[in-house]
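**Student:** predicted model and sequence follow; I will ask about them next.
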Amino acid sequence: YILKQLGGQADLHKVFKIMYFADQKHLLRFGSTISSDTYIAMANGPVPSITYDILKALRGEGLLIDKKANFEPYFKLEKRSIVSGIMDPDLDWLSKSEIQVLNEAIYENKDLDFTSLTAKSHDLAWDKALSNGEMDIMNIAKAGGADDDMLRYIGFNIENSFSKLG
């Protein structure tokens, strides 16, 4: 969806930052992220771990290399860091709230350059994470301005999802 809204292609950095800000906005408003991805605090800002692994597979690298053929109908990688969407996004997978938040994050960040996106994403959650370490979901919410009630709600949602696993 993000790629389609950006004209069909974009650099990984821009896509990753738009994903981060969309996930953060959705977390603040609705208590959950859109992607369910885990963000890693890398040098140039948050990087969605699973999404990055998928795109690395298109390069013939990483943990999901054996799944490369599964991703090729959807994405194409050029010059190692430009990703293109091959198929139109299936909007049945996105709720109205997710589309709204994605559109806001795209609008707010599409024209920012690499340096500006990096600086903007170096927020409290990024600062508190170890270098190349997982960013805490509660810190992502705090960095976005979540109040105490929303933080409790997010914590409750996290607790419930873990209790369903065990």
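**Tutor:** Now that the structure is in, tell me what you want to look at. Residues are numbered from 1 along each chain as shown.
**Student:** now do the SS call for the residue most central in space within the chain.
**Tutor:** The chain has M19 as the residue nearest its centroid, 3.3 Å off, counting by CA atoms, centre = their mean. Three-state call for M19 (DSSP: H, G, I helix; E, B strand; the rest coil): helix.
**Student:** ok, for it, nearest residue in space, not its chain neighbours?
**Tutor:** P48 (5.4 Å; CB to CB, 6 or more residues apart in numbering). C-beta: built from backbone N, CA, C; applies to glycine.
**Student:** my read is S36 is in a helix, agree?
**Tutor:** No. Counting by three-state DSSP, S36 falls outside a helix, being coil.
**Student:** follow-up on the earlier one: count of neighbours near the residue nearest to M19?
**Tutor:** 22 (other CB atoms under 10 Å).
**Student:** show me what contacts the residue nearest to S35 when sequence neighbours are not counted?
**Tutor:** In space, and not counting its chain neighbours, S35 is closest to D23: 5.5 Å by CB to CB, 6+ apart. Contacts were defined as CB atoms under 8 Å, 6 or more residues apart in numbering; by that measure D23 touches T33, I34, S35, D37, Y39, P48, I140.
**Student:** and if we set it to 6 Å?
**Tutor:** Counting by CB atoms under 6 Å, 6 or more residues apart in numbering, D23 touches T33, I34, S35.
**Student:** filter the residues you listed down to the buried ones.
**Tutor:** T33, I34 (16 or more other CB atoms under 10 Å).
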